[in-house]
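Peer 1: From the sequence below, what's the structure:
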Amino acid sequence: MLDNQGHTSIEVPETAKTILIVEDDEDIGEFLTLAISQMTHKVGFVSTTSATALQVVHHIKPDLLLLDYRLDEMNGVELYDRIHAIEGFETVPAIVMSASLAQFQREIEQRHLSGLAKPFSLDELSQAIEQGLSFSPQQG
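Peer 2: The predicted structure follows:
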């Protein structure tokens, strides 16, 4: 839907949890969106680049970030850092996905992020999302 300035507006049901998926592989992104949309009260939005994600994040306030580690201009952890530097986004939890998760585990754990090793099952995805959405970072 376009607003009166020609920008795309996204309407999300009030009870829905919004998950921003940043995945550079379009097929995987579509799969994740379909899988997440079939989970009750969750809406997934896909971005294929980190630059687009940084723009989209201002139009939707995601409840959770689902980030591929290997992206175009920066990795998923760097994107997480950039999003968390935006006022109002400091406490949005994130899950970082990678086929080489063990290689990046220390970097992920230092930021108290969840990791999801590719390939993963729908049950693993669902469990990771539920844990991510229930995450409540301590205010410091």
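
Peer 1: Break down this protein into its helices, ranges please.
Peer 2: 26-37, 50-56, 76-84, 101-110, 122-134 (DSSP state H).

Peer 1: looking at this structure, which helix or strand is least sure?
Peer 2: strand 42-47 (a mean of 84; mean pLDDT, DSSP states H and E).

Peer 1: list the helices and strands it packs on?
Peer 2: Where contact means 3 or more Cβ pairs under 8 Å, 6 or more residues apart in numbering; DSSP states H and E, strand 42-47 is packed against strand 17-22, helix 26-37, helix 50-56. Glycine gets a C-beta too; all of them are placed from N, C-alpha and C.

Peer 1: Quick check: pLDDT value at His59.
Peer 2: On the pLDDT scale, His59 is placed at 89.

Peer 1: oh sorry, the question was meant for Ser134
Peer 2: Looking at Ser134, the pLDDT reads 87.

Peer 1: what's it in contact with, if anything?
Peer 2: Applying Cβ atoms under 8 Å, 6 or more residues apart in numbering to Ser134 gives no contacts.

Peer 1: if we can go back for a sec, buried stuff in the least confident helix or strand of the chain?
Peer 2: Buried residues in strand 42-47, defined by neighbour count with 16 or more other Cβ atoms under 10 Å: 42-47.

Peer 1: got those residues as JSON lines, with distance to Lys118 columns?
Peer 2: Shown next, in JSON lines, are these (distance: Cβ to Cβ, whole Å):
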{"residue": "Lys42", "distance to Lys118": "20"}
{"residue": "Val43", "distance to Lys118": "22"}
{"residue": "Gly44", "distance to Lys118": "17"}
{"residue": "Phe45", "distance to Lys118": "20"}
{"residue": "Val46", "distance to Lys118": "16"}
{"residue": "Ser47", "distance to Lys118": "18"}
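
Peer 1: Look up the residues forming beta bridges with the nearest residue to Glu30 once chain neighbours are set aside.
Peer 2: In space, Glu30 comes closest to Val46 once its chain neighbours are excluded; the distance is 7.2 Å by Cβ to Cβ, 6 or more residues apart in numbering. Counting by DSSP bridges, Val46 forms beta bridges with Ile21.
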